[in-house]
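Asks: fold the following for me, if possible:
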Amino acid sequence: MKIKGNKIYLPKLGWMRFHNSRSIPSGFTIKACTVRKRQNDWYVSVRIEDKSVPEYSPKALGNNPKVIGCDLGLTKLVHLSDGYQIENPRFSTNKKAKRTLKIRQRRVSRKTKGSKNRKKAAIKVSRFHQKIGDKRQAYQWKTANKIVSRSIDAIALEDLNISGMMRRCKVKSDEKTGRFLKNGQSRKKGLNRAISDAGWGDLGLKIEYLAAKQGKIVIKVNPKHSSQECRNCGHIDQENRDEEKFICVECGYHEHADIGAAKTIRDRALRMVRGPGRETWC
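Replies: Residues are numbered from 1 along each chain as shown. Next up, the predicted model:
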């Protein structure tokens, strides 16, 4: 593969014109390229390499590392253990986006199948999805940079099974009649859409990427009962949490539920690094 100005040579295709949005720095060699089609055009991404550039290596954690805990949510996208909260814009599940998507999809359904007008309407729907995806990607990079750029040594993230959280509910049926019963799937559909819109998995990958570039460590922590465990007495109960409020039914300790969960995740990461029996932070 070769690049000369605004032309690129692709195997089996030959020389093609393209918009060279970013020139290749001197000293780098082209290793591979990927061509893909999106809703509005074709895109090519080029992978380059320079062996003289040193690889990023994580810094060794000392006896008292600075660790920040991250609790992912839907009301707020990220709750940090230092009390900072990052908003969740809900790019595809806000009122305006859902109304726009509903109107454009209705226009597609009203067109004759196989017609040019139907294809044009479908392209508008796909471009709207692309616009939402681009906004989400840009916001996630900004969010990841806000978290990683702090003066910390390690970042504690929840090790979430997102695909399991979005799995369909089990089918329920009446043994006598054989008719299907309500299993809560219609109610869970909105939750699944909100989780998909938040993009927790992509955000975690971006945090790991930026952390590696800055020599910081990402620690995956089991989040089980992190928002139901009392930080004062250790009592775990589902009734401890009431939406965003946390009030322990055993000792009366109270705080913000999601920020408390972020602190619990941070403390679990510290125990993984320093070993059990050490004091945790407040």
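Asks: where's G5 relative to R17, distance?
Replies: 9 Å (Cβ to Cβ, to the nearest Å). No exception for glycine: its C-beta is placed from N, CA and C like everyone else's.
Asks: can you give me the helices for the stretch 101-250 of the chain?
Replies: 116-148, 162-165, 185-198, 200-213 (DSSP state H, counting those that start in this stretch).
Asks: pick the most deeply packed of the ones you listed.
Replies: Each of the helices of the stretch 101-250 of the chain was scored by mean neighbour count; the highest is helix 200-213, a mean of 18, by mean count of other Cβ atoms under 10 Å.
Asks: what angle separates that helix from helix 116-148?
Replies: Relative orientation of helix 200-213 and helix 116-148, computed by axes from the mean of the first three to the mean of the last three Cα atoms, to 10 degrees: 50 degrees.
Asks: what sits up against helix 200-213?
Replies: 56, 58, 70, 72, 77-78, 136-137, 140-141, 143-145, 147-148, 155, 157, 160, 162, 217-218 (Cβ atoms under 8 Å, 6 or more residues apart in numbering).
Asks: try stretch 89-99
Replies: Residues from elsewhere that reach stretch 89-99 (Cβ under 8 Å, 6+ apart): 77, 101, 129, 132, 135-136, 139, 193-194, 197.
Asks: grab the most central residue of this protein for me.
Replies: Most central in the chain under Cα atoms, centre = their mean is W200, positioned 2.5 Å from the mean C-alpha point.
Asks: residue with max distance from the center of the chain?
Replies: K176 (44.3 Å).
Asks: from the middle of its chain, how far away would stretch 216-231 be?
Replies: 17 Å (Cα atoms, centre = their mean, to the nearest Å).
Asks: again, but for stretch 9-18
Replies: The answer for stretch 9-18 is 35 Å, by Cα atoms, centre = their mean.
Asks: from here on, call the first residue 29.
Replies: Sure, I'll start counting at 29 from here, so that last one is stretch 37-46.
Asks: identify the residues contacting it?
Replies: Contact partners of stretch 37-46, identified using Cβ under 8 Å, 6+ apart, comprise 29-31, 34-36, 61, 63, 72.
Asks: sort out for me which of these are in strands.
Replies: 30-31, 35-36, 61, 63, 72 (DSSP state E).
Asks: hmm, back to that, farthest-apart pair in the contacts of stretch 117-127, please.
Replies: Spanning the widest gap among those are L105 and L129, at 21.0 Å by Cβ to Cβ.
Asks: these two - which one has more neighbours?
Replies: In this view L105 and L129 are compared by other Cβ atoms under 10 Å, and L105 has more residues nearby, 21 against 16.
Asks: lowest-confidence helix or strand of this structure?
Replies: Of the helices and strands making up the chain, the lowest-confidence element is strand 269-270, at a mean of 82, by mean pLDDT, DSSP states H and E.
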